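Chemist: Give the three-dimensional model of this entry:
(one chain, ligands or ions: 1)
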Amino acid sequence: MQIWVLMVSLIFMAVIAYFFVATIKAVDGEDAVDPNDRRGKLIWGMLIAGIVITTASLWSWPHAVSDESEAIVVNATGAQWSWDIDNEELPLGKPVVFNVHTEDVTHGLGVVDETGRLLFQAQAIPGYVNKVEYVFSKAGEYRVICMEYCGLAHHDMTTEFTVGEQ
Ligand code: CUA
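Modeler: The predicted structure is shown next:
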């Protein structure tokens, strides 16, 4: 699926680039992007820098979820207005995969630590299961909150779990 999205994006980008180049040529004549003039060098430099920076920064995406046979799997189900998680005692230092889904509207699963710092999040979208993996490095109490406005009691859509040595 992702490869098709990439292909379609690249085709659209090529079409847009074609019109840009055609417009530049129509306005300034054939040598508007001549690599030997200053403007041409700048354009080529920016293009190459853009490709290098984009490739380097996106190289590791999307992150693969680790083999679920090694990970602890938690099913997190959102519904107006509560979270149901089927495992409330999670291990320290081991991969935990959250399968995030919803029974009604879109919600946003967010996990915060005791200081209220957001550690990770995933959207709960009707008809889909989104997976997010996290390794807890500190024992303690954690809170699940909702990060997507989902109605009157959105702010109250929370639950808790603990992380400890097991
Ligand atoms: Cu569920 Cu906001």
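Chemist: how does this structure divide up, domain by domain?
Modeler: With automatic domain parsing serving as the domain definition, the record reports that the chain contains domains spanning 2-59, 72-164.
Chemist: List just the one of those that sits closest to the ligand.
Modeler: Proximity to the ligand (CB to the nearest ligand atom) singles out domain 72-164 among those, at 3.2 Å. All C-beta atoms are positioned from the backbone trio N, CA, C, and that covers glycine.
Chemist: Start and end of the closest one, how far apart?
Modeler: Terminal residues of domain 72-164 lie 13 Å apart, using CA to CA, to the nearest Å.
Chemist: do that domain and the ligand meet?
Modeler: Yes. Between domain 72-164 and the ligand, judged by CB under 6 Å from any ligand atom, the touching residues are 78, 107, 146, 148-150, 154, 157.
Chemist: Neighbour-wise, which one of these leads?
Modeler: In terms of neighbours by other CB atoms under 10 Å, these top out with H107 at 32 neighbours.
Chemist: which element is the nearest residue to that residue once chain neighbours are set aside on?
Modeler: In space, H107 comes closest to G78 once its chain neighbours are excluded; the distance is 3.6 Å by CB to CB, 6 or more residues apart in numbering. For G78, the enclosing helix or strand under DSSP states H and E is strand 72-79.
Chemist: What's the first helix or strand after that strand?
Modeler: Using DSSP H and E, the helix or strand that follows strand 72-79 towards the C-terminus is strand 82-85.
Chemist: which other helices and strands contact that following strand?
Modeler: Strand 82-85 makes packing contacts with strand 72-79, strand 140-146, strand 159-164 when contacts are defined by 3 or more CB pairs under 8 Å, 6 or more residues apart in numbering; DSSP states H and E.
Chemist: Note down every partner strand of that strand and its orientation.
Modeler: Each strand that strand 82-85 pairs with, and the sense of that pairing, follows from DSSP bridges: strand 72-79 (antiparallel).
Chemist: Longest helix in this protein, by number of residues?
Modeler: helix 2-28 (DSSP state H).
Chemist: tell me which residues in the helix or strand that comes right after that helix are buried?
Modeler: The helix or strand immediately downstream of helix 2-28 is helix 38-58, counting by DSSP H and E. The neighbour-count criterion (16 or more other CB atoms under 10 Å) identifies I43 as the buried residues of helix 38-58.
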